[in-house]
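K.L.:
Please work out how this folds:
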Amino acid sequence: MAMQYSGNLLVKARQRPFSGLLAGPQALTLPGYGLEPLFNGHHASPQFAVAQPADHWLLARPGAGSDAHPWDEAHRAAAAVQYSVYVEPDLLQQRDAAPLPAAPSAGMDRDWPPTIVVSPGWHLLDGFTGFHQVRGQATGQGTCIAHLDTGYWPPHVSTPRHIRRDLGYNFYENNHNTTDPGFKGLLRNPGHGTATLAVLAGNTLDLMYQGNQYSGDFGGAPDAEIVPVRIGPSVVHFYSSAMAQGMDYALGPSGNPATSNPANRCDVVTISHGGLPAASWADAANHLYEAGTIVVAASGDNFSHLPTRFVVYPAAFNRVVTALGATYDKTPYVTAKIGELEGNWGPDSVMDKAIAAYTPNVAWMKLNTIDGFDMDGAGTSATTPQIAAACALWVELYGVHYPAGWQRVEACRTALFRSAVPGKGSASYLGRGLLDVPKMLDPALEAAIRQEVQAGRIQASPPDDASFPFWRLLVGVGPSGSEEERMFETEAAQLVFGSRNAELVAAFQAHAAGAALAPATIARARQLLKAEPDISATLAARL
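P.N.:
Okay, the predicted model is just below:
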């Protein structure tokens, strides 16, 4: 499938005062495009001053369409600006693997159904995440979570009791309607947001499954305020700009994307979507991290390693918690069965800040019903809101002890990872282990972490970017020194992460694992990259 985009471009201008970026004698102009801010939330944050030089992202809307390759158009536009800028296309993040069903398939049936009848809320109970054990200790009260997904179905009884529809926004259709319209068809996931929202903060429910009843709050953080943010109709069909703007919006949701209210900053962002790397996403992740907002994102899913078995973005970024999957029997959410859904994993560098929760066979609320559900929730979409909810509970109890900055994020992440329990599988698939909420909220653990933070023994995670060392190996250059080289690097990363060429992927995987590639292997990988069907003419010429 040819690389597609909205026609818009995302433009990064470095170290310029925002006050003169769009107006005045030094204003940035892009022939054929109108410019507007991309990150209004970041601009309104307390640490931002419009008169101080800083990096800024702009959304460039074309006056007319272009038939050029998206990256060729980005290079053409960058060359037309009066000073050096980074430009990336607003890509349609869309897989061309097997289409997803309306709801995730039941997935792996290993040890399912169990030999005993289980509760329809089994993942909440002792021996699994343990949310049910901490209900008297924390429920998310006083916290705010931004839910980036497909929207939701308000009439369903699982809708969180503290949903902030007044603060929500739809960045896919650019309106205030965060209701999932339920459109069916190829690459659509109607109901996905309704189901993940219930796992995150679902209301009090009575669920009956095979004669066994679950009564109580279904969501991990049922008393958190939830800001619904619709970024697309599917986990595999959305634009880069919608993800970037949705992440930034969490810095100060106001109900209006053109304004931002830092007083409403979300404590946690949950993202059950993912795609190819983008520099705009990296900076959005950095802004949230520096503001003290914890971001949890799904590692992604694949069918027989297609379109990729590597962790997708933004989950692959350093400063984002990667949500993996583990099955009912506590084994990794991976399978050798052809055409069956499994979770993504790797490279190993990503797994060090990854943690697993439970999937498949999680109760999955049904769109266009009042109280309908199936036991077919699957994919890392189901695990992400479990982990995000646990982070909200930690913020409720302990966030007050940390400044509104990266220290709060790192303290929560440290509690999350140190409390994880081993599963029945390798860290290559399960990261730090399985989510254990009671252990994560242990006061003694938090006291020890607080001492380490105060003593400076817990450091900030490295800033995120879209750099791609494999590209630098192929062309024999050092870290990117020009905006044009950074653009080459991002496109190369997108091509490799989306490649169907097993030989190219194997070379990248070996390099990511630390292997030294032979010169002949490097030359061959360079040829294979140049032969990728979606490559731009500009990048091919660079190769």
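K.L.:
ok, the closest residue in space to His69 that isn't next to it in sequence - contacts?
P.N.:
Excluding the flanking residues, the one nearest His69 by Cβ to Cβ, 6 or more residues apart in numbering is Ser536, at 4.4 Å. C-beta here means a position set from N, CA and C on the backbone, and glycine is covered the same way. Contact analysis of Ser536 by Cβ atoms under 8 Å, 6 or more residues apart in numbering lists 69-72, 75, 491.
K.L.:
neighbours around Asp223, how many?
P.N.:
Using other Cβ atoms under 10 Å, Asp223 has 20 neighbouring residues.
K.L.:
show me the contacts for it.
P.N.:
Taking Cβ under 8 Å, 6+ apart, one finds 139-141, 161-162, 201 in contact with Asp223.
K.L.:
Please repeat the previous calculation with a cut-off of 6 Å.
P.N.:
Taking Cβ atoms under 6 Å, 6 or more residues apart in numbering as the contact definition, Asp223 lies against 139-141.
K.L.:
Rebuild these as TSV, extending it with secondary structure, pLDDT and neighbour count.
P.N.:
Output for those, formatted as TSV (DSSP: H, G, I helix; E, B strand; the rest coil; pLDDT from 0 to 100; neighbours: other Cβ atoms under 10 Å):
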residue	secondary structure	pLDDT	neighbour count
Thr139	coil	98	22
Gly140	coil	98	30
Gln141	coil	98	14
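K.L.:
nearest to Ala284, of those?
P.N.:
Closest approach between the contacts of Asp223 and Ala284, by Cβ to Cβ: Gly140, at 23.5 Å.
K.L.:
So the closest one sits against Trp394, correct?
P.N.:
No. Between Gly140 and Trp394 there is no contact under Cβ atoms under 6 Å: 10.0 Å.
K.L.:
what's the closest of the contacts of Ser536 to Leu529?
P.N.:
Nearest to Leu529 among the contacts of Ser536, counting by Cβ to Cβ, is Glu491 at 10.0 Å.
K.L.:
contacting residues around the helix or strand containing that closest one?
P.N.:
Element membership for Glu491, per DSSP states H and E: helix 483-497. Residues outside helix 483-497 that contact it (Cβ under 6 Å, 6+ apart) are 71, 84, 86, 88, 276-277, 279, 308, 466-468, 471, 480, 508, 532, 539, 542.
K.L.:
Just the ones in helices from the residues you listed, please.
P.N.:
71, 279, 471, 508, 539, 542 (DSSP state H).
K.L.:
Let me know whether the second one touches Phe468 as I believe.
P.N.:
Translated: Ala279. No. Assessed by Cβ under 6 Å, Ala279 is found out of contact with Phe468, at 10.8 Å.
K.L.:
Buried residues in the helix holding Glu491, which are they?
P.N.:
Residues 483-497 are the ones in helix 483-497 that count as buried (16 or more other Cβ atoms under 10 Å).
K.L.:
And stretch 257-271, by the same measure?
P.N.:
Result for stretch 257-271 [16+ other Cβ under 10 Å]: buried residues 257, 260, 262, 264-271.
K.L.:
So Ser428 lies in a helix, does it not?
P.N.:
Yes. Under DSSP: H, G, I helix; E, B strand; the rest coil, Ser428 falls within a helix.
K.L.:
Near it, how many other residues are there?
P.N.:
The burial count for Ser428: 13, using other Cβ under 10 Å.
K.L.:
Look at it and report its pLDDT.
P.N.:
We have a pLDDT of 85 for Ser428.
K.L.:
Same question for Lys184.
P.N.:
Per-residue pLDDT puts Lys184 at 63.
K.L.:
what do you get for Gly107?
P.N.:
39.
K.L.:
Distance from stretch 18-38 to the middle of the chain?
P.N.:
On the basis of Cα atoms, centre = their mean, to the nearest Å, stretch 18-38 sits 29 Å off its chain's mean C-alpha point.
K.L.:
same thing with stretch 332-341?
P.N.:
Relative to its parent chain, stretch 332-341 has a centroid offset of 22 Å by Cα atoms, centre = their mean.
K.L.:
How about stretch 74-86?
P.N.:
With Cα atoms, centre = their mean, you get 28 Å for stretch 74-86.
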